[in-house]
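Undergrad: Have a look at this fold, sequence not included:
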Ligand code: BQF
């Protein structure tokens, strides 16, 4: 069965839209997101446009703040500080990746964790680790929500995560291994956690043998067709986080998106599998909306 992230994300947007409308009917401001983008990476432009459009669709306010590639780290830090202190902004993100001359970690550390709707600040990550109220990074939150909505249980299951990034691999492993009662406000009612999690990466020995023991495989490695059919147990759930652009002269844009999974050959073996596009990507965007609503309600 294909896990339809596009459809589930649309359902959740409708729910958020209701909540935003209720806030506004109550005389409150609509939640407001700011998105800071540096430079003109075409993929980043697309992602930011997706986020602006999603906000508009649920009745949230959104402002895009664009800087040229050459912006200094100090100027960006000043912008972060300004947004931290702007009472009209409920949450903001700095679109990643940043140009090489800017220290990403320095920028993230400067964001007030209460406005950190990407959930990437050391404060939010640490709070999540300790089970304190926090904002969870958008892709892991979206993956958990997708599993919850399809009632795919994780308790006692072996989850194999391929990839150890701060944005996906590490936080999704943490979320799914956690005790559910430590889960965070605003999460779906179906609590997911209690999994046994193995995190694999580029130096892992015998990835195939480990994957063959997995009930759920989450691939976030950034490598097209990394996960092939011979690595997947019959009846496993496969979550593909990869968004890779490959050249395709027959497509209108000259490229198409492929995931990290050899979908065509893995799908027949999997009980559940996410497509690319239309799987995890739309869930990431809707999770940003959920985080922004949460940040606004927390104030
Ligand atoms: C879809 C991202 C790598 C690095 C930085 C919908 C998105 C993508 C795909 C999207 C991503 C990936 C985003 C689909 C945001 C997800 O229909 O499959 C939406 O906009 N994403 C990002 O902001 O930064 C990234 C991937």
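TA: Received it, and whenever you're ready, just let me know what you need. Everything quoted here is computed from the prediction, not taken from an experiment.
Undergrad: Make sure residue 294 is actually in contact with residue 135.
TA: Yes: using CB atoms under 8 Å, residue 294 makes contact with residue 135 at a distance of 6.5 Å. C-betas here are computed from N, CA, C, even on glycine.
Undergrad: so what sits against both of the two?
TA: Both residue 294 and residue 135 are contacted by residue 117, under the criterion CB atoms under 8 Å, 6 or more residues apart in numbering.
Undergrad: Neighbour count for the two, which is higher?
TA: Legend: neighbour count by other CB atoms under 10 Å for residue 294 and residue 135, higher for residue 135 (31 against 22).
Undergrad: Read off the pLDDT value for that one.
TA: Looking at residue 135, its pLDDT is 95.
Undergrad: what are the phi and psi angles of the nearest residue to residue 113 once chain neighbours are set aside?
TA: Spatial nearest neighbour of residue 113, excluding adjacent residues (CB to CB, 6 or more residues apart in numbering): residue 123 at 3.6 Å. For residue 123, the backbone dihedrals are phi -60, psi -50 (criterion: degrees, to the nearest 10).
Undergrad: mind starting the numbering at 54 from now?
TA: With 54 as the first residue, the last one maps to residue 176.
Undergrad: burial measure for residue 258, as a count.
TA: Residues near residue 258, counting by other CB under 10 Å, number 7.
Undergrad: right, I mislabeled it, should have said residue 269
TA: Residue 269 is flanked by 23 other residues according to other CB under 10 Å.
Undergrad: Can you give me the separation between it and the ligand?
TA: The gap separating residue 269 from the ligand is 19 Å, by CB to the nearest ligand atom, to the nearest Å.
Undergrad: thinking again about what came up before, shouldn't the residue nearest to residue 166 be in contact with residue 161?
TA: No: at 9.7 Å, residue 176 and residue 161 do not qualify as touching, with contact defined as CB under 8 Å.
Undergrad: Excluding residues flanking it in the chain, which one is nearest the closest residue to the ligand within the stretch 204-352 of the chain?
TA: Nearest to the ligand, among the residues of the stretch 204-352 of the chain, is residue 334, at 2.3 Å (CB to the nearest ligand atom). Counting by CB to CB, 6+ apart, residue 296 is the residue found nearest to residue 334 once chain neighbours are left out, at 6.3 Å.
Undergrad: Make sure the one you found is actually in contact with residue 310.
TA: Yes: at 5.9 Å, residue 296 counts as touching residue 310 under the criterion of CB under 8 Å.
Undergrad: Enumerate the beta-bridge partners assigned to the closest residue to residue 328 other than its chain neighbours.
TA: Ranked by CB to CB, 6+ apart and with sequence neighbours excluded, the top spatial neighbour of residue 328 is residue 55, at 5.8 Å. Beta-bridge pairing of residue 55 under DSSP bridges involves residue 326.
Undergrad: count of neighbours near residue 55?
TA: Residue 55: 14 surrounding residues under other CB under 10 Å.
Undergrad: Tell me who's in contact with it.
TA: 320, 325, 326, 327, 328.
Undergrad: Then residue 182?
TA: Here residue 182 is in contact with residue 227 (CB under 8 Å, 6+ apart).
Undergrad: hang on, the earlier thing: what is in contact with residue 176 and residue 161 at once?
TA: If you check residue 176 and residue 161 against CB under 8 Å, 6+ apart, the residues they both contact are residue 169.
Undergrad: so which strand or helix has the residue in the stretch 54-203 of the chain positioned nearest to the ligand?
TA: Distances between the stretch 54-203 of the chain and the ligand by CB to the nearest ligand atom are smallest at residue 100, namely 3.3 Å. Assigned by DSSP states H and E, residue 100 belongs to helix 95-111.
Undergrad: Helix or strand next in line after that helix, which one?
TA: In the C-terminal direction, the helix or strand that comes right after helix 95-111 (DSSP H and E) is strand 114-120.
Undergrad: The helix or strand following that next one vs strand 114-120, what angle?
TA: Once the chain leaves strand 114-120, the next helix or strand it forms, by DSSP H and E, is helix 126-138. Counting by axes from the mean of the first three to the mean of the last three CA atoms, to 10 degrees, helix 126-138 lies at 170 degrees to strand 114-120.
Undergrad: Residue 273 is in contact with residue 218, correct?
TA: Yes: between residue 218 and residue 273 there is a contact under CB under 8 Å: 6.5 Å.
Undergrad: Show me which of the two is the more surrounded one.
TA: Ranked by neighbour count (other CB under 10 Å), residue 218 and residue 273 place residue 273 first, with 27 against 16.
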